[in-house]
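> The sequence and its predicted three-dimensional model are supplied below.
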Amino acid sequence: MACRRPQSSRWVLTISVVSVLLGLLMAPRLLARAAAETLVTTDYWVSHTSSESFYAQYKLDPQVVLHVREVVLAGRERTAPKDGKVVLLLHGATVPGFVAFDLDHEQCSLMRYLARAGWDTFTLDFEGYGLSTRPLVMDSPAAFPQSSAPIHSEVAVHNVERVVEFIRTLRGVTQVALLGWSLRARGEISGPDPIAFWQGWEGSCSSSRRETRRGASGRHRGRHD
């Protein structure tokens, strides 16, 4: 007497086979979507000649390094510049840029929010903040008794000018949007003769100086989130 497989077993087998086939068909799309939603974080160290008077006063080398962070969707760094969606975030007088704008806690990163919205997003640490060069007087004030408080508004403006120049060269754009908050961010916009540093200020900036004056060299490392 022949053995008959129960109908329910055949249905289970059919459903399993169909599920596997659908999974195989959908896998490339899911992987592509996941890759498109991957955030890439890159840290750059940009060379800069500081205008901080402390260096000239004590005849010290004014060469410093500015820390710049970029957060962008994977591949979007090639298309965002064409859409005019490149932004530099300016921090205030107390917290460095990568902490103020890319805090790795829940939904606290403005950089990641803007990156997911299609922006190629940058921030910098001004001189004396975060991972950028600190003038020696900040760590050993007693050794420089005649020095005034470092990192005034003009120094910060020159930092922004240098980083805008770096981003323009890195991404091949003529304009970089600026978004800032707090006292220092106001200083960049309302500081001495801002038109000398940026043209067409209406939420965006364009450095008025040539890239040839200083190269946009920078060491960098990256990570994927």
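That came in fine, so what should we check first? Since the structure is predicted, the reported quantities are computational estimates derived from the model, not experimental observations.

> Can you report how many residues neighbour the closest residue to His67 other than its chain neighbours?
Closest residue to His67 apart from its sequence neighbours, by C-beta to C-beta, 6 or more residues apart in numbering: Leu131 at 3.7 Å. For every residue, glycine as well, the C-beta is placed using N, CA and C. Leu131 has 17 neighbouring residues, counting by other C-beta atoms under 10 Å.

> who's in contact with Leu131?
For Leu131, the contacting residues are 43, 45, 67, 96, 98, 125, by C-beta atoms under 8 Å, 6 or more residues apart in numbering.

> Outside of the strand or helix carrying the fifth one itself, list whatever touches it.
Secondary structure assigned from DSSP states H and E places Phe98 in helix 97-101. Counting contacts by C-beta under 8 Å, 6+ apart, the residues outside helix 97-101 that touch it are 43, 67, 69, 89-92, 109-111, 123-126, 129-131, 181.

> where along this protein do the strands fall?
39-49, 63-73, 86-90, 120-124, 176-180, 204-205, 218-224 (DSSP state E).

> What separation is there between the residue nearest to His67 and Ala74?
24 Å (C-beta to C-beta, to the nearest Å).

> Could you do Val65 as well?
27 Å.

> So which of the two has more stuff around it?
Higher neighbour count among Val65 and Ala74: Val65, with 18 against 15, using other C-beta under 10 Å.

> so what's the backbone phi/psi at Gly172?
phi 70, psi 40 (degrees, to the nearest 10).

> The closest residue to it other than its chain neighbours: how many residues sit nearby?
Using C-beta to C-beta, 6+ apart and skipping residues adjacent in sequence, the residue nearest Gly172 is Pro81, 6.1 Å away. For Pro81, the neighbour count with other C-beta under 10 Å is 20.

> any idea how far Arg69 is from Pro81?
17 Å.

> Could you do Thr169 as well?
17 Å.

> More neighbours: which of those two?
Neighbours were counted for Thr169 and for Arg69 using other C-beta under 10 Å; Arg69 has more, 23 against 16.

> partner residues bridging that one?
As for beta bridges, Arg69 partners with Asp43, Thr123 under DSSP bridges.

> What's the separation between it and Gln175?
Distance of Arg69 to Gln175, computed by C-beta to C-beta: 20 Å.

> same question, Ala143
Ala143 sits 43 Å away from Gln175, going by C-beta to C-beta.

> what sits against Lys82?
With C-beta under 8 Å, 6+ apart, Lys82 has no contacts at all.

> Report pLDDT for it.
For Lys82, the model assigns a pLDDT of 93.

> same deal with Arg184?
Listed pLDDT for Arg184 reads 57.

> Could you tell me the model confidence score at the nearest residue to Glu37 once chain neighbours are set aside?
Nearest residue to Glu37 in three dimensions, chain neighbours excluded: Leu73, at 6.9 Å (C-beta to C-beta, 6+ apart). Looking at Leu73, its pLDDT is 97.

> Leu73 touches Ala117, doesn't it?
No: taking C-beta atoms under 8 Å as the definition, Leu73 is not a contact partner of Ala117, at 9.3 Å.

> Of the two, which one has the most company?
Taking neighbours as other C-beta under 10 Å, Leu73 and Ala117 compare with Leu73 leading, 22 against 10.
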